[in-house]
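**Student:** Turn this into a structure:
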Amino acid sequence: MLSVSYALYSAWLAAGGVKPAVAAGHSLGEYTALLAAGTFTLEEAVKLVRFRAEAMQSAVPVGVGGMAAIIGLTDEAVEKACAEAAEGEVVEPVNFNSPGQVVIAGNTAAVARACEKCKAAGAKRALPLAVSGPFHSKLLAGAAEKLGVRLSEVEVKTPAFDVIANVDAAVHTAPDDIRTVLARQAASSVQWVKTVHAMKAMGVTHVVECGPGKVLTGLIRRVDPTIETANISSVDAIAALLEKDGFRA
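**Tutor:** Numbering: from 1, shown residues only. Here you go, the predicted model:
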């Protein structure tokens, strides 16, 4: 995913697409955003995301943890349901994707209990996700620690443009700060709603999603429909988008 998204970003610039003033990515996508900003080399970024995947996968045995998407409840209601469902285990919101769409993660049984409590509280849907682990939850603290050690060995450059971090929806430019937030990200929630609001506050009017699918395009529209969004997943899509106002350099 990183290589494909970065290739599309590079093709976008080569075709005359506008250069970004700010970037962000969701979960793994944060690494692509930092790569685009020149923080890492492509070779190092590929090695990092592979290490990250292995660390996150090995942190919790398969079957011990899981995730679920909660549709139609406020963030506060989901947090309350998780707190009530924990019963000494871990279950917590880990992706704040858009208003009314929150992903939870934790121990398998606790996630199931939280889903039932969310449905009882009025959720439209509570859908278990077909994933192999409780990603971005506290159960991945060990992975975050390993990632922190690995990042300390990597050359990190100051980004050429602002990149908004998942963990706090803030911009970090100092290399050590970037290392810290990337390590934290493995076991912390993705603050996507706050990220979109931060973009808007920074004056962003147009967003181009680089990569297959239109998941982030849809989420951004639900968070703030005044931001013009588009997705590029092919050379043809790039050519078509460059015909529209606001996207050509």
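**Student:** who's in contact with G106?
**Tutor:** 65-66, 82, 86, 89-92, 114, 134, 137-139 (Cβ atoms under 8 Å, 6 or more residues apart in numbering). The C-beta positions use only the backbone N, C-alpha and C, and glycine is treated the same way.
**Student:** Phi and psi next, for it.
**Tutor:** phi 160, psi -160 (degrees, to the nearest 10).
**Student:** Not counting sequence-adjacent ones, nearest residue to it?
**Tutor:** V91 (3.4 Å; Cβ to Cβ, 6 or more residues apart in numbering).
**Student:** who touches that neighbour in this structure?
**Tutor:** So V91 contacts C82, A85, I104, A105, G106, N107, A110, V111, R113, A114, S137 (Cβ under 8 Å, 6+ apart).
**Student:** Next up, phi/psi of it, please.
**Tutor:** phi -150, psi 130.
**Student:** which of the contacts of G106 count as buried?
**Tutor:** G65, G66, C82, A86, E89, V90, V91, E92, A114, P134, S137, L139 (16 or more other Cβ atoms under 10 Å).
**Student:** care to break the chain down by domain?
**Tutor:** The chain breaks down into these domains under automatic domain parsing: 2-58+139-241, 61-133.
**Student:** quick one on the thing from earlier: of all pairs in the contacts of V91, which one spans the longest distance?
**Tutor:** Farthest apart among the contacts of V91 by Cβ to Cβ are R113 and S137. That separation is 14.8 Å.
**Student:** can you redo the domains of the chain as TSV with mean pLDDT and distance to R248?
**Tutor:** Listed next are the domains of the chain as TSV, based on pLDDT from 0 to 100; distance: least, Cβ to Cβ, whole Å:
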stretch	mean pLDDT	distance to R248
domain 2-58+139-241	96	6
domain 61-133	97	29
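**Student:** For the lengthiest helix in the chain, what is the distance to the chain centroid?
**Tutor:** If you go by DSSP state H, the chain has its longest helix at helix 42-59. When C-alpha coordinates are averaged (Cα atoms, centre = their mean, to the nearest Å), helix 42-59 and its chain have centres 15 Å apart.
**Student:** next one: phi and psi at the residue nearest the centre of the chain?
**Tutor:** By Cα atoms, centre = their mean, the mean C-alpha position of the chain lies nearest to H26, the distance being 1.8 Å. Main-chain torsions, H26, degrees, to the nearest 10: phi -100, psi 120.
**Student:** contacting residues for it?
**Tutor:** N95, N166, V190, W192, V215, L216, L219.
**Student:** Please, where are all the strands along the chain?
**Tutor:** Taking DSSP state E, the strands of the chain run over residues 22-24, 65-71, 91-98, 101-107, 125-128, 162-164, 206-210, 228-232.
**Student:** Same list, the ones you listed, but as TSV with distance to E43 please.
**Tutor:** Output for the strands of the chain, formatted as TSV (distance: least, Cβ to Cβ, whole Å):
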stretch	distance to E43
strand 22-24	20
strand 65-71	31
strand 91-98	29
strand 101-107	31
strand 125-128	37
strand 162-164	19
strand 206-210	19
strand 228-232	24
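**Student:** what residues are up against R125?
**Tutor:** A69, I70, I71, G72.
**Student:** run the last query once more with 10 Å
**Tutor:** By Cβ atoms under 10 Å, 6 or more residues apart in numbering, R125 lies in contact with A68, A69, I70, I71, G72, L73, Q101, C115, C118, K119.
**Student:** Mind putting the domains of the chain into JSON lines with distance to A249?
**Tutor:** As requested, the domains of the chain are exported to JSON lines (distance: least, Cβ to Cβ, whole Å):
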{"stretch": "domain 2-58+139-241", "distance to A249": "5"}
{"stretch": "domain 61-133", "distance to A249": "30"}
